[in-house]
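> Kindly generate the corresponding structure for this input.
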Amino acid sequence: MASEDAPQPSQQTDSLLRRLAGPSATKAGLALDQSEINRIIAEVSKGSKFYENEKRKDKDLTERIERLLKQRDESLKGVDIQRVEAAVDQMVRHPAWTNTLPL
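Next up, the predicted model:
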């Protein structure tokens, strides 16, 4: 399903490490750099139900993102993006599309 160029979901992907870190990923004043903290949390969590559930959710999310990117790429094949952008710009400039509220 996934192309060979796309990153394969694994137990050590960056997204999984951030997911495992949870709210601790944004705590201030931690002595170590955040990637090291995330790695430690992942190591300690391995084998737990929490870890397996987060790993499954990360894999599902990664596959969903890959599917959406593939759909986007397929829908943009053969489309003249510049022509579409010019048409949208012209529509936005039209008075019927502007919504000005008096202050």
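
> In this structure, which helix is the longest?
Ordering each helix of the chain by length in residues (DSSP state H) puts helix 49-76 first.

> and the next element down the chain from it?
Downstream of helix 49-76, the first helix or strand assigned by DSSP states H and E is helix 81-93.

> So for that following helix, mean pLDDT?
For helix 81-93, mean pLDDT rounds to 86.

> for that helix, the distance to its chain's centre please.
Distance of helix 81-93 from its chain centroid, counting by CA atoms, centre = their mean, to the nearest Å, is 28 Å.

> what's the angle from it to helix 49-76?
Following axes from the mean of the first three to the mean of the last three CA atoms, to 10 degrees, one obtains 90 degrees for the angle between helix 81-93 and helix 49-76.

> what separates Gln90 from Leu69, distance-wise?
Taking CB to CB, to the nearest Å as the measure, Gln90 and Leu69 are separated by 29 Å. For glycine as for every other residue, the C-beta is placed from the backbone atoms N, C-alpha and C.

> again but with Asp58, I slipped
Following CB to CB, the distance that separates Asp58 from Leu69 is 16 Å.

> With neighbour numbers in mind, choose between those two.
Taking other CB atoms under 10 Å, Asp58 and Leu69 do not tie; Asp58 has more neighbours (21 against 12).

> Just give the closest residue to that one, not the sequence neighbours.
Leaving aside its chain neighbours, Asp58 sits nearest to Leu16 (4.3 Å; criterion: CB to CB, 6 or more residues apart in numbering).
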